[in-house]
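Student: okay, here's the prediction I keep looking at, along with the sequence it came from:
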Amino acid sequence: MSAETGKQLWRVDRMTRCSSRPYVAGDDVIVTHAGNMWSYDARTGRPRWQLPDTSTIMADPYIASGVLYALSSEGIQAIRL
């Protein structure tokens, strides 16, 4: 959504239900869906990267010092970005 106008800028149709809230980090929008974690360009909606088989994400992801942290059904996962 545009912060200025509130209008939708882009949409990802393949998502049926995310397992956490979208997380915005700089120019990335990170979402989890069906055992995968996706990063999308915040301006265009184009996919940047995907992490398959991240098990069940139990909480919202978080990024600090270039590392993405996600609590999953298998424990805490840390991925250097």
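Tutor: Perfect, I can see it now.

Student: what residues are up against the spatially most central residue of the chain?
Tutor: Centre of the chain computed as the mean C-alpha position; nearest residue by C-alpha atoms, centre = their mean is Ile30, 1.6 Å away. Neighbouring residues of Ile30 by C-beta atoms under 8 Å, 6 or more residues apart in numbering: 22-24, 37-40, 61, 63, 68. The C-beta positions use only the backbone N, C-alpha and C, and glycine is treated the same way.

Student: gap between the two ends of stretch 35-50?
Tutor: 11 Å (C-alpha to C-alpha, to the nearest Å).

Student: quick one: residues in contact with it.
Tutor: For stretch 35-50, using C-beta under 8 Å, 6+ apart, the contacting residues are 9-12, 24, 26-32, 51-57, 61, 68, 70.

Student: low pLDDT regions in this protein?
Tutor: 14-19, 53-55 (pLDDT under 70).

Student: so which residues of it form strands?
Tutor: 23-25, 28-33, 36-41, 47-51, 62-64, 67-72, 75-80 (DSSP state E).

Student: redo the contacts of Ile30 as TSV? Include distance to Arg80.
Tutor: Converted to TSV, the contacts of Ile30 look like this (distance: C-beta to C-beta, whole Å):
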residue	distance to Arg80
Pro22	21
Tyr23	16
Val24	19
Met37	14
Trp38	17
Ser39	13
Tyr40	19
Pro61	14
Ile63	10
Leu68	8
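
Student: ok, so of those residues, who is nearest Ser2?
Tutor: The closest of the contacts of Ile30 to Ser2 turns out to be Val24 (C-beta to C-beta; 13.6 Å).

Student: and that closest one, how many residues sit next to it?
Tutor: Residues lying near Val24 (other C-beta atoms under 10 Å) number 11.

Student: report the contact partners of it.
Tutor: 30, 42.

Student: bridged to it, which residues?
Tutor: Val24 has the following beta-bridge partners by DSSP bridges: Val29.

Student: ok so, going back, which among the contacts of stretch 35-50 end up buried?
Tutor: 28-32, 51, 54, 57, 61, 68, 70 (16 or more other C-beta atoms under 10 Å).

Student: out of these, who's nearest Ile79?
Tutor: For these, the nearest to Ile79 is Leu68 (4.6 Å; C-beta to C-beta).
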